[in-house]
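Novice: my questions concern the predicted model and sequence given below.
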Amino acid sequence: MIKVMKLQKAVYAIILGVIALVVYIIMATSGQQYNIYALELAGLCFMAAAILFLYPLWTAKENERGEVELDVEKQEEQEVKQ
């Protein structure tokens, strides 16, 4: 389902955000001076993931009745028929 909805990049961004958050925690406990940059990177990754999760909604197409179809496979079948 994730592959069909094109959400793999969002999942990767969340994984990078969690890794950056763990790096921040490790740096903060050891007293590193530049730990804030790891926290900023984690925040950016989480914000990018949130935007990427909304991507299928932005690219959804409306049918004749004004209903939005999110199933990519059905959209591709309709485009081929037309």
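Specialist: That came through fine.

Novice: show residues contacting stretch 37-44.
Specialist: When contacts are defined by C-beta atoms under 8 Å, 6 or more residues apart in numbering, stretch 37-44 is touched by residues 17-18, 20-21, 23-24, 27. From N, CA and C alone the C-beta is placed, and that goes for glycine too.

Novice: so for that stretch, mean pLDDT?
Specialist: Averaged across stretch 37-44, the pLDDT comes to 95.

Novice: flag every buried residue along it.
Specialist: 38-39, 41-42 (16 or more other C-beta atoms under 10 Å).

Novice: now, these that are in helices?
Specialist: Among these, the subset assigned to helices under DSSP state H consists of 38-39, 41-42.

Novice: and those, which is closest to A10?
Specialist: A42 (15.0 Å; C-beta to C-beta).

Novice: and the gap between that closest one and P56?
Specialist: Using C-beta to C-beta, to the nearest Å, A42 is found at 24 Å from P56.

Novice: grab the nearest non-local neighbour of N35.
Specialist: M27 (3.7 Å; C-beta to C-beta, 6 or more residues apart in numbering).

Novice: that neighbour is in what secondary structure piece?
Specialist: helix 8-30 (DSSP states H and E).

Novice: contact partners of that helix?
Specialist: Against helix 8-30 from outside (C-beta under 8 Å, 6+ apart): 2, 34-35, 38-39, 41-46, 48-50, 52-53, 55.
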